[in-house]
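Colleague: 3D model of this:
(chains A and B)
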Amino acid sequence: MSRAARLGAFIIATLGILVLGTVIIGSNQYLFSSTYQLKSQFTTVAGLSAGADVQVGGVHSGTVRSIDLPHEPGGKVTVVMDLNKSTHEIIKQDSVASIETEGLLGNQYMAISFGSPGRSDVRDGDTIASDPPLEMADLIKKTDAILDSSQQAVLNASQMTANLASISAKVDNGKGTAGALVNDKQLYANLEQTTSDARDTMVQAQAGVTDFQENMEALKRNFFLSGYFNKRGYEDSADLTANEIGQLPADPPMKTFTFSSKQLFDKVDSAKLKNQKPLNACGEFLADSQYGYAVVVVSAGANGDAQKDLVLTEGRAMVVREYLVETFGFDDSHLKTLGMGKQAETNSDVGWGSVQIIFYPSGAVIPPNKQSPAATSSGTIRELPTLGSVVSVPKP
Amino acid sequence: MSLCRHQRPARRSRPGFEPVSGRDLNVAGDIGPSPAGQWARLIPGLGHINTFLEWFGDLAIFSWHSLRAAVTPPFEFRELFRQLDEIGSMSLPLVAAAGAAIGAVLSLEARYSLTRFGAKSMLPAAIVYSVIHETGPIITGLIVSGRVGAGIGAELASMKVTEQIDAIEASAVNPYKLLVVTRILACILMLPLLTLAADFCGVLAGWITQAIAEPLSLQQFINSAFKGTTLNDFLPPTFKTAVFGLIIGLISCFQGMRTQGGAVGVGRAATSSVVLSSLFVILADVVLVKFILIFFP
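Modeller: From the prediction side, this is the model:
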């Protein structure tokens, strides 16, 4: 081999090594493949340095080109990344950059999440959203707080178990009520005996009540007392609210019959019917016409005791309803009653009050019955609607 | 020697080199009849300092002559190619063997220590990083200063003592152009290339050693080794050896050209060429490493 050939071979071989090394290292830094730039902003980069890996889906796909400090306080640190062109289809506008650590104490690298399929592509030089890095110091602070509170919790728990142990020891030893309950067989036997006795008593009491009811019924029909019930107009107070609705329905009425109580009833404080004739026209309408339901609304005059007046109006409504149902015979489930109690006077018969029978069109929903009889005795004074006008009453 | 002295006024106009201090000097520094020598008898150590300073002054003048010779035509291309071959290709086997040995040794040593720290997977990166960053360049520098430094020093020294250099000058050829510049240039050009060869052999031997201990494909080895390596880890350390080449060429030629005193002088020149060039290569490396760390982070 000539001198020149030897020299040439040497130079070519060593320059070949130079090129090889440069290409191997350079391709690692994506110096020779086409790349695009992305930016992301962080309040802290937690020690990330230029040249660090950028991973997309855990695959090394780029490098951090530079990290620029902000120009003013309060600004954010900008990380500029060179990414391999092949990631362009994965990274979208909603991808998020975050700074991760390899292992607990390893190198820091940038991780970029996949974008959503529908979102638009990133362009060269775009800025994508960032996730603040997890700082070890913050983590330790948080853990410290958790440890403190859990220590307190453990202390409480041990206190509680101590209490429990003390209680269970007492129970076991037969101290106190619970201890006696657990340990004393005598107590249990007594309790059982008592329960059994109570049951017997209840059966006897029930029989007594039935007897009493019969006695009372007999008493009502007795000559001496029947006058009271006759004068009152009805016998059974328990039936007063059987068909009564809670309040006037909000629906606009179809037709209204209005009577003065003075025309119909015997006395100012009585529910006994004196003259039924005015009701007949209404009864015929009830029997013949199409309607949804009807309500017998009775109000008393402004005089007298409010509680008594409420009972009186309820009684009058019931009596009117019974008369109509018995005389004209129709489906009585569509006829409801409503005692309004004491109301402002609306007609000339001062102190007597009025009776209205209000019809509602078919299809209207029948309001629910008055729920609790207790509400009847609370003395609530309800408002009577002005006749012929549309009334707005709050829905139940 | 005495001939040199007599001819000296005639050569003054030409860039021939003679020690300015007018006496033979080396680092061992025997004190001769000089003004400083008389002071040195009174103050111990002053002679050494004086010798040391004179040596640097002479080196500076020598460098200046060489630089001037290097930039002015005509150029001695034929001699340059001969030196490129002599210094470059002829050193290749030695440098390659040294690089391979270093790669193998690093692999063996690093395996032992990294396994103790549970970081065995870092082994390829450790080998490659240390070979291309420091071991390859410095080993090449030392091997070449041993082989080439001794060669240049002895060659020029024997030419000097047999008055061949004077003969060259007499035939109107600048000995700086013919002998010094070609050798220094060849050293500067060849050292980086030899370093590349040493790096290559070192990495290859590192892989082979690793693969013998535990099977690992070359592909895997390269991927793992060059992960995180940047061009700043590769190119600046490689090309810093051009500075080593400059040091080796300059010191060896200087020591050869200023030789005096026959066969003993030749031996002394060869020895001092090797010792001084090796020493300055290592000292320069300290500065260069810091320089590279600052300018190529």
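Colleague: How about the residues of the stretch 1-150 of chain B by chain A?
Modeller: Residues of the stretch 1-150 of chain B lying close to chain A by Cβ under 8 Å from any Cβ of the partner chain are B:F81, B:R82, B:L84, B:D85, B:G88, B:S89, B:L92, B:I132. In this view, the C-beta of every residue, glycine as well, is placed from N, C-alpha and C.
Colleague: Alpha carbons of stretch A:314-327, as CSV, please.
Modeller: C-alpha atoms of stretch A:314-327 as CSV (Å, rounded to 0.1, in the frame of the first residue of the first chain):
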residue,chain,number,x,y,z
GLU,A,314,-119.3,22.0,57.9
GLY,A,315,-122.6,20.6,59.4
ARG,A,316,-124.8,22.7,57.0
ALA,A,317,-122.8,21.6,54.0
MET,A,318,-123.1,18.0,55.0
VAL,A,319,-126.8,18.3,55.6
VAL,A,320,-127.4,20.0,52.2
ARG,A,321,-125.3,17.3,50.5
GLU,A,322,-127.2,14.5,52.2
TYR,A,323,-130.6,16.1,51.2
LEU,A,324,-129.5,16.4,47.6
VAL,A,325,-128.1,12.9,47.3
GLU,A,326,-131.1,11.3,49.0
THR,A,327,-133.7,13.2,47.1
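Colleague: What are the buried residues along that stretch?
Modeller: A:E314, A:G315, A:R316, A:A317, A:M318, A:V319, A:V320, A:R321, A:E322, A:Y323, A:L324, A:V325 (16 or more other Cβ atoms under 10 Å in any protein chain shown).
Colleague: check contacts around the first one.
Modeller: Applying Cβ atoms under 8 Å, 6 or more residues apart in numbering or on different chains to A:E314 gives the contacts A:L240, A:T241, A:E244, A:V298, A:T337, A:G339, A:T376.
Colleague: pretty sure the first one is in contact with A:M318, am I right?
Modeller: Yes. Between A:L240 and A:M318 there is a contact at 5.8 Å, judged by Cβ atoms under 8 Å.
Colleague: Between these two, which contacts overlap?
Modeller: A:Y234.
Colleague: Include distance to B:W207, secondary structure and pLDDT when you put the buried residues of stretch A:314-327 into TSV, please.
Modeller: Compiled in TSV, these are given as follows (distance: Cβ to Cβ, whole Å; DSSP: H, G, I helix; E, B strand; the rest coil; pLDDT from 0 to 100):
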residue	distance to B:W207	secondary structure	pLDDT
A:E314	107	helix	83
A:G315	112	helix	84
A:R316	113	helix	83
A:A317	109	helix	83
A:M318	110	helix	84
A:V319	115	helix	84
A:V320	113	helix	83
A:R321	109	helix	83
A:E322	113	helix	83
A:Y323	116	helix	83
A:L324	113	helix	82
A:V325	111	helix	82
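Colleague: Which one of these is nearest to B:L250?
Modeller: A:E314 (128.8 Å; Cβ to Cβ).
Colleague: Okay, that closest one and chain B: tell me how far apart.
Modeller: A:E314 is 93 Å from chain B, where distance means Cβ to the nearest Cβ, to the nearest Å.
Colleague: Got the confidence number for the residue nearest to B:V131 when sequence neighbours are not counted?
Modeller: Residue nearest to B:V131 in three dimensions, not counting chain neighbours: B:G202, with 4.0 Å by Cβ to Cβ, 6 or more residues apart in numbering or on different chains. What the model reports for B:G202 is a pLDDT of 92.
Colleague: show me what contacts B:G202?
Modeller: B:G99, B:A100, B:I102, B:G103, B:L106, B:I127, B:V131, B:I132, B:T135, B:G136.
Colleague: Also A:G174?
Modeller: Residues near A:G174 by Cβ under 8 Å, 6+ apart: A:A180, A:V182, A:N183, A:D184.
Colleague: List phi and psi for it.
Modeller: phi 80, psi 20 (degrees, to the nearest 10).
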